[in-house]
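K.L.:
Provide a 3D model corresponding to the input given below.
(chains A and B)
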Amino acid sequence: GDSVTQMEGPVTLSEEAFLTINCTYTATGYPSLFWYVQYPGEGLQLLLKATKADDKGSNKGFEATYRKETTSFHLEKGSVQVSDSAVYFCALISNSGGSNYKLTFGKGTLLTVNP
Amino acid sequence: DAGVTQSPTHLIKTRGQHVTLRCSPISGHKSVSWYQQVLGQGPQFIFQYYEKEERGRGNFPDRFSARQFPNYSSELNVNALLLGDSALYLCASSGTSAALGELFFGEGSRLTVL
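P.N.:
Reported below is the predicted structural model:
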């Protein structure tokens, strides 16, 4: 079945540091890929998405590129801020096998950014 | 505009009891999905409803059931509660059948089973 593997957290960075959170996936067909973010005390929010190979999703300074050859969708940001502290979830939705109604999530990576 | 609203926000039950969780989607959204998030894990899919019909069901026992009403709000019911049912239950809505993966989540209902 479909699965998503994220790098283990927690990740602690200083403000303005470079961020990478690794994500790899296993899926049949050609899934769409997502990063969701959960800020403290808030619900999950879609951060960015990519629907086909080589697509780059971007939002709020975050970027991720859909790499079919390595089945990866790593999240990056050049300069993190304290306000980026949150839990980040990589997710996919399968476009085959009749499963295109559910998101499959990774376990999440807690990011803490210190001033 | 109101987002996805869930009730109750917190509740405590004992083993064997029954619980009903409620969700109101964003106005105009016809799809509602339910996810279970155990502490330290990513959300796990439970159900998806679109236009009042069940479109998908995750790997959960028959103790879990749901329905969607004509106004597109939804209920998740869990019978014969077990300690392992303790989790944050998330409701999400979308304007389509959720196939695009762009879901809008509520803040969740935190269930504790003692």
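K.L.:
name the helices or strands packed onto the helix or strand bottoming out on mean pLDDT in chain B?
P.N.:
The weakest-scoring helix or strand in chain B, judged by mean pLDDT, DSSP states H and E, is strand B:53-57 (a mean of 89). Judged by 3 or more Cβ pairs under 8 Å, 6 or more residues apart in numbering or on different chains; DSSP states H and E, the packing partners of strand B:53-57 are strand B:44-50. In this view, the C-beta of every residue, glycine as well, is placed from N, C-alpha and C.
K.L.:
could you give the mean pLDDT of the strand it packs on?
P.N.:
Averaged across strand B:44-50, pLDDT comes to 92.
K.L.:
Please compute how far it lies from its chain's middle.
P.N.:
Its chain's C-alpha centre and that of strand B:44-50 lie 7 Å apart, by Cα atoms, centre = their mean, to the nearest Å.
K.L.:
Neighbouring strands - and their directions - for it?
P.N.:
Strand B:44-50 has the following strand partners under DSSP bridges: strand B:31-37 (antiparallel), strand B:53-57 (antiparallel).
K.L.:
Burial check on the nearest residue in space to A:Gly57 that is not next to it in sequence, number of neighbours?
P.N.:
Nearest residue to A:Gly57, sequence neighbours excluded (Cβ to Cβ, 6 or more residues apart in numbering or on different chains): A:Leu48, at 3.5 Å. A:Leu48 is flanked by 19 other residues according to other Cβ atoms under 10 Å in any protein chain shown.
K.L.:
what's across from A:Leu48 in the sheet?
P.N.:
A:Trp35.
K.L.:
And for the one 10 residues further on?
P.N.:
Applying DSSP bridges to A:Ser58 yields these beta-bridge partners: A:Glu63.
K.L.:
pretty sure it contacts A:Lys49?
P.N.:
No - look at A:Ser58 against A:Lys49 with Cβ atoms under 8 Å: they stay out of range, at 10.0 Å.
K.L.:
of those two, who's got more company?
P.N.:
Higher neighbour count among A:Ser58 and A:Lys49: A:Lys49, with 21 against 14, using other Cβ under 10 Å.
K.L.:
nearest to B:Leu100, of the strands paired with strand B:44-50?
P.N.:
strand B:31-37 (10.0 Å; Cβ to Cβ).
K.L.:
pLDDT averaged over the closest one - what is it?
P.N.:
Mean predicted confidence for strand B:31-37 is 95.
K.L.:
Equivalent analysis for stretch A:71-89, please.
P.N.:
97.
K.L.:
Residue ranges in chain A under the pLDDT threshold?
P.N.:
For chain A, applying pLDDT under 70 flags the ranges A:95-100.
K.L.:
The closest residue to chain B within it: neighbouring residues, count only.
P.N.:
Closest contact between chain A and chain B, by Cβ to the nearest Cβ, is at A:Phe105 (3.3 Å). Counted with other Cβ under 10 Å, residues neighbouring A:Phe105 total 23.
K.L.:
list the contacts for it?
P.N.:
Counting by Cβ atoms under 8 Å, 6 or more residues apart in numbering or on different chains, A:Phe105 makes contact with A:4, A:36, A:89-91, B:42-44.
K.L.:
again with A:Gly108
P.N.:
By Cβ under 8 Å, 6+ apart, the contact set of A:Gly108 is A:6, A:9, A:38, A:87-89, B:40-42.
K.L.:
again, but for B:Ser109
P.N.:
When contacts are counted by Cβ under 8 Å, 6+ apart, B:Ser109 touches B:6-11, B:21, B:88-89.
K.L.:
Spatially, which two of these are the most separated?
P.N.:
With distances taken as Cβ to Cβ, the most widely separated pair in the contacts of B:Ser109 is B:Ser7 and B:Leu88, at 13.8 Å.
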